[in-house]
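In: My questions concern the predicted model and sequence given below.
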Protein chains: 2
Amino acid sequence: MAIIKPPVGPLLSGERFSVIYAITGTEIQAYEKAEDITVEQTVEFPEELVPPGVIKDDILGRIESFREFSQEKFLAEISFAEELAGGEITQLLNVVFGNISIKPGIRVERIELPISMLKHLKGPRFGIHGLRKRLQVEKRPLLCTALKPQGLPAEDLAQFAYSFALGGIDIIKDDHGIADQNYSRFRKRVDLCVAAVERANRLTGSNSVYCPNITASFGEIMKRAKYAKDNGAGAMLISPGLAGLDTMRAIADNDEIALPILSHPAFQGSFVTSPESGISHYCLFGQIARLCGADASIFPNFGGRFSFSESECRDIADGCVCGMENIKEIFPAPGGGMSLERVSQMVEFYGGDSMFLIGGGLFRGSDDLAENCHKFRKLVG
Amino acid sequence: MAIIKPPVGPLLSGERFSVIYAITGTEIQAYEKAEDITVEQTVEFPEELVPPGVIKDDILGRIESFREFSQEKFLAEISFAEELAGGEITQLLNVVFGNISIKPGIRVERIELPISMLKHLKGPRFGIHGLRKRLQVEKRPLLCTALKPQGLPAEDLAQFAYSFALGGIDIIKDDHGIADQNYSRFRKRVDLCVAAVERANRLTGSNSVYCPNITASFGEIMKRAKYAKDNGAGAMLISPGLAGLDTMRAIADNDEIALPILSHPAFQGSFVTSPESGISHYCLFGQIARLCGADASIFPNFGGRFSFSESECRDIADGCVCGMENIKEIFPAPGGGMSLERVSQMVEFYGGDSMFLIGGGLFRGSDDLAENCHKFRKLVG
């Protein structure tokens, strides 16, 4: 057996962050899994060989509490030295759920970061208050829609954008599948849609904004963000599941861009498919979206064409505003197969600090798009 | 009902890519889900409002085949116009599994890209043949190990690297949780470990390489890759689940870096947790890893401390070498709680074109690390 000499000297500040995991199994199994997490997410080393001293005492994860939550489900709070995250979101997420994402029956419920870590993170640049101020919408829920269908040229999408803005939609975003396809190039689309929305704003006196989808390849995404900013877009749509969570964070932190970010859940569904594994709705679409700079978190509303339950949607809304020190509260943005008929229910369920996203549904009803938008606007009060 | 004028003119080349989805449900349910995919992944628009012509005919996904696979499981091949992917991996993955990742009972089994798309992708720079050539290992499986435990200073990790190289390990990588923590800074670690491995190589005449973990924040990862390259590292470890799949692709494609890439599965486990949802092992750790530039795909071997089955591991190995035109074959790299006792079985199961990863297990047995490595080396023939 190779003996490892323990390192000398104080490496750690003593500050620790915590993750609350829901673990499935009997009490004995669940506790064993909790102990396993303390090793797997840190030293990943045969426990009997872990050197004594700071590595065994402080680098290893520490079970702070363990309690039964429901039958065969236990909640374990495990803390980790803040230095393990190395000052990067990528490595923080690695400690939270890197290797154990591959082990069934472990679900990340909640993250709790100490102020010593949070103060190094900017989180959302605008949040609820900042976005309201930019859009000059004081109290009511924000209205959002999506330009589609895929395949139309930029001119047609811009025509829709004009009608939507005329109808009083606050944020007119690209559908998340509209990128830089040859039938609707990104730059031309930005130019035309920004101009169309400005034209409508001059008529209405409102402050609608165009929000292009900037999700793109590693080398391209920052360029699209800058183009959007420099050419009058009022927000940006990013799918962090495709582009990378820290990519969204980097764009949010970039002072030259400084535009509100709507986060889209594309390619992230597998994290929340299983009630026993993955990451909770609260944490992924609430806490993590905020840590990575989203000002609004788009998710599929209950009762639409997706399968999130009412309580999962409630959890997301809670995660968007839970106390996280300097990390601003953000808008939950339910959408996905929504119709005007559902709006009153959504207002009641989510309250005023929400963003409601109706896409294709606005094309139903009257063939006057702006009129359909006015109905939407009236329904939110 | 707002009528949309169909766009005019030929937008599409006619080339299409296909995704084979496994869909759970009765035959009627499964077929409905397949039809839903054709809409959800493309126009995402009320079907009755989709304009006739090119959008309805070609932009919508197309069910090419549909057949029963097993009880309540059906295989649907759905094709999409290549233009939908807009020439970017991010948008390709969005079409393959963006929104439907949020719908249960749909699993991506396999992707089939036409040569017109593949020729724009470089895939792995080295692949099996290129990596063998660099390491000057003609036929036998490659040996890989990981520097750990987390918490040790760079000097100690470099000492291990020396012993591992002396013992004949081909690729000596950082543990995937070792990033740029204050107790083992990235640059210092690269300097010391490269020097240690070179020192050992001079004694042995071998070509062991040090493979630092470059997984890092958006703004930092390319800098770490360049530092690794410029300072003598022989390969790089990336966790694309943390850094972004296209981030790995961008690094693989960068001619100034041009180092072999080992892909690590951290934070990707949720995609393969459910047999009914997510992405197949074959596709995620085989096909997608290759499309995104990995030269070796690390995954947890069956019978270790993770839960992949023998057949799931077989699927990964198959996905690493399946026919993909110009996209090179890569090494499957099973690891995760492996021991010397398992090596003969691994050789038999995976064959010669494999990379075997034993980390903590090499510290067991003799306290002479190099001697343990020699045993490992002998076991692979």
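Out: Perfect, I can see it now. Source: prediction; values computed, not measured.
In: Which neighbouring elements make contact with the helix or strand hosting residue A:190?
Out: Assigning secondary structure by DSSP states H and E places residue A:190 in helix A:186-204. Here helix A:186-204 touches helix A:154-166, strand A:171-174, strand A:209-211, helix A:221-230, going by 3 or more C-beta pairs under 8 Å, 6 or more residues apart in numbering or on different chains; DSSP states H and E. No exception for glycine: its C-beta is placed from N, CA and C like everyone else's.
In: Could I get the full set of strands for chain A?
Out: Ranges of strands in chain A, per DSSP state E, are A:16-24, A:62-70, A:73-81, A:106-112, A:142-147, A:171-174, A:209-211, A:236-238, A:261-263, A:278-279, A:296-300, A:331-335, A:355-357.
In: Return the alpha-carbon coordinates of stretch A:55-66 using CSV.
Out: Extracted as CSV, the C-alpha positions of stretch A:55-66 are listed here (Å, rounded to 0.1, in the frame of the first residue of the first chain):
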residue,chain,number,x,y,z
ILE,A,55,-7.4,16.1,3.2
LYS,A,56,-9.2,13.7,5.4
ASP,A,57,-10.5,16.4,7.7
ASP,A,58,-11.5,19.2,5.3
ILE,A,59,-11.1,18.2,1.6
LEU,A,60,-13.4,15.3,2.0
GLY,A,61,-17.1,16.2,1.9
ARG,A,62,-18.8,16.3,5.3
ILE,A,63,-22.2,15.0,6.1
GLU,A,64,-23.7,18.0,8.0
SER,A,65,-27.2,16.4,8.5
PHE,A,66,-29.1,13.4,7.4
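In: Do any residues in it lie close to chain B?
Out: Yes. Stretch A:55-66 is in contact with chain B by C-beta under 8 Å from any C-beta of the partner chain, via A:55, A:59.
In: Any chance you could list what contacts that stretch?
Out: A:6-7, A:11-12, A:16, A:18, A:30-31, A:34-35, A:37-39, A:41-43, A:50, A:74-81, A:84, B:149-152 (C-beta atoms under 8 Å, 6 or more residues apart in numbering or on different chains).
In: Which positions in the stretch 51-200 of chain A make contact with chain B?
Out: A:51, A:54-55, A:59, A:83-84, A:86-91, A:93-95, A:97-104, A:146, A:148-153, A:156, A:175-177, A:179-183.
In: okay, now residue A:51: neighbour count?
Out: 19 (other C-beta atoms under 10 Å in any protein chain shown).
In: Pass me the low-pLDDT residue ranges in chain A, would you?
Out: Across chain A, the ranges flagged by pLDDT under 70 are A:1-3, A:6, A:8-10.
In: Centroid-nearest residue for it?
Out: residue A:289 (2.8 Å; C-alpha atoms, centre = their mean).
In: Return the residues in contact with residue A:234.
Out: Contacts of residue A:234 by C-beta under 8 Å, 6+ apart are A:134-135, A:171, A:197, A:207-211, A:259-260.
In: Mark which of those are buried, thanks.
Out: Neighbour counting with 16 or more other C-beta atoms under 10 Å in any protein chain shown marks A:134-135, A:171, A:197, A:208-211, A:259-260 as buried within these.
In: Dump the strands of chain A into CSV; add distance to residue B:118 as well.
Out: Below are these laid out as CSV (distance: least, C-beta to C-beta, whole Å):
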stretch, distance to residue B:118
strand A:16-24, 40
strand A:62-70, 48
strand A:73-81, 42
strand A:106-112, 36
strand A:142-147, 31
strand A:171-174, 27
strand A:209-211, 33
strand A:236-238, 27
strand A:261-263, 31
strand A:278-279, 32
strand A:296-300, 32
strand A:331-335, 35
strand A:355-357, 36
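In: number of nearby residues for residue A:139?
Out: Residues near residue A:139, counting by other C-beta under 10 Å, number 8.
In: quick one: it and residue A:352 touch, right?
Out: Yes. Between residue A:139 and residue A:352 there is a contact under C-beta atoms under 8 Å: 5.6 Å.
In: May I see the buried residues of stretch A:309-323?
Out: Neighbour counts over stretch A:309-323 (16+ other C-beta under 10 Å) mark A:312-317, A:319-321 as buried.
In: re the thing from before, compare the strands of chain A and give me the one nearest residue B:280.
Out: Closest to residue B:280 of these is strand A:278-279 (C-beta to C-beta; 17.3 Å).
In: quick one: strands adjacent to the closest one?
Out: strand A:106-112 (parallel) (DSSP bridges).
In: and the angle for the helix holding residue A:190 with strand A:142-147?
Out: Taking axes from the mean of the first three to the mean of the last three C-alpha atoms, to 10 degrees, one finds helix A:186-204 and strand A:142-147 inclined to each other by 140 degrees.
In: Just the angle for helix A:186-204 relative to helix A:154-166, thanks.
Out: Using the same axes, to 10 degrees: helix A:186-204 against helix A:154-166 is 30 degrees.
In: What sits closest to residue A:298 if chain neighbours are left out?
Out: Leaving aside its sequence neighbours, residue A:298 sits nearest to residue A:333 (C-beta to C-beta, 6 or more residues apart in numbering or on different chains; 4.4 Å).
In: Next up, the contacts around that neighbour.
Out: For residue A:333, the contact set (C-beta under 8 Å, 6+ apart) comprises A:144, A:262, A:296-299, A:354-357.
In: out of these, which one sits closest to chain B?
Out: Nearest to chain B, judged by C-beta to the nearest C-beta, of the contacts of residue A:333 is residue A:299 at 8.4 Å.
In: residues touching the closest one, list them.
Out: A:265, A:281, A:285, A:308, A:313, A:316, A:332-336.
In: And the furthest pair within those?
Out: Between any two of these (C-beta to C-beta), the greatest distance is 14.9 Å, for A:281 and A:335.
In: which parts of the stretch 251-381 of chain A sit against chain B?
Out: So the stretch 251-381 of chain A meets chain B at A:265-274, A:277-279, A:300, A:305-308, A:359-361, A:363-369, A:372 (C-beta under 8 Å from any C-beta).
In: Pull out the buried members of these.
Out: Counted by 16+ other C-beta under 10 Å, those give A:265-274, A:277-279, A:300, A:305-306, A:308, A:359-361, A:363-365, A:369, A:372 as buried.
In: From residue A:82, how far off is residue A:5?
Out: For residue A:5, the distance to residue A:82 equals 25 Å [C-beta to C-beta, to the nearest Å].
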